[in-house]
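*Asks:* predicted model and sequence below, questions to follow.
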Amino acid sequence: MKTARTILLATLVAGTLDILAAIIQGLTNGAAPAAVLRSVAAGPLGDGALAGGAGMAAAGLLIHFAIMAVIVAVFVLAAERIPALVRRPLFWGPLYGLAVWAVMYLIVLPLRWPGSFPLTDPARIAWAIAFHTLLVGLPIALIAAGGRRKSALAS
């Protein structure tokens, strides 16, 4: 049960930070928050999601958190087998965030939107890497490390 709670907490924290960063970045580019969420929905549901309303934006938010739950579960479950991942969360967290960025921006997004990805603008690449290392990987590792410590203390 402690593993499930750790995954849930890390998903909520990293997922919230990541989607807020995406929404803020969208706002700076003139996109409304709902448009950002609909673009998330468009990944698996197709381009028709872009024209959807509030329901499609809500679907995008759910999809975002579902994807984040998988990202978190991979790290947390790996850390149960490789304790070094949570002994040094300040090292492994950002490195994991970089790996998540690489998978998303070099594989997943280019397969879905080949005309827009991979990114070529150095500033956009730097921001995307910073977001994934500091707002995704780091909180996941810190929460996983905290969950492991609590679990060890309870034993």
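*Replies:* Arrived safely.
*Asks:* quick one, strands of the protein?
*Replies:* Using DSSP state E, no strands are assigned anywhere in the chain.
*Asks:* where are the low-confidence patches of it?
*Replies:* Residue ranges of the chain with pLDDT under 70: 1, 149-155.
*Asks:* center of it - which residue?
*Replies:* Nearest to the mean C-alpha position of the chain, by CA atoms, centre = their mean, lies residue 68 at 4.8 Å.
*Asks:* that one: what's it in contact with?
*Replies:* Counting by CB atoms under 8 Å, 6 or more residues apart in numbering, residue 68 touches 11, 14, 15, 18, 136. C-beta: built from backbone N, CA, C; applies to glycine.
*Asks:* tell me, how many residues neighbour the first one?
*Replies:* Counted with other CB atoms under 10 Å, the neighbours of residue 11 add up to 22.
*Asks:* equivalent analysis for the one 4 residues further on, please.
*Replies:* When neighbours are counted by other CB under 10 Å, residue 15 registers 23.
*Asks:* just residue 42 next, same as before
*Replies:* Residue 42: 21 neighbours (other CB under 10 Å).
*Asks:* wouldn't it be in contact with residue 57 here?
*Replies:* No: counting by CB atoms under 8 Å, residue 42 does not reach residue 57; the two are 11.0 Å apart.
*Asks:* how near is the nearest residue to residue 119 once chain neighbours are set aside to residue 148?
*Replies:* Closest residue to residue 119 apart from its sequence neighbours, by CB to CB, 6 or more residues apart in numbering: residue 125 at 5.0 Å. Going from residue 125 to residue 148 by CB to CB, to the nearest Å gives 32 Å.
*Asks:* and these two? which has more neighbours close in?
*Replies:* residue 148 (21 against 14).
*Asks:* rewinding a little: out of the contacts of residue 68, which is nearest to residue 115?
*Replies:* Comparing these against residue 115 with CB to CB picks out residue 18 as the nearest, at 23.4 Å.
*Asks:* contact partners for the closest one?
*Replies:* Applying CB under 8 Å, 6+ apart, the residues contacting residue 18 are 64, 68, 131, 132, 135, 136.
*Asks:* what about the nearest residue to residue 99 once chain neighbours are set aside, neighbour count?
*Replies:* Leaving out its chain neighbours, the residue that sits closest to residue 99 by CB to CB, 6+ apart is residue 137, at 7.7 Å. Around residue 137 there are 25 other residues, counting by other CB under 10 Å.
*Asks:* contacts only, for residue 137.
*Replies:* 75, 92, 93, 94, 95, 96, 97, 98, 99, 100.
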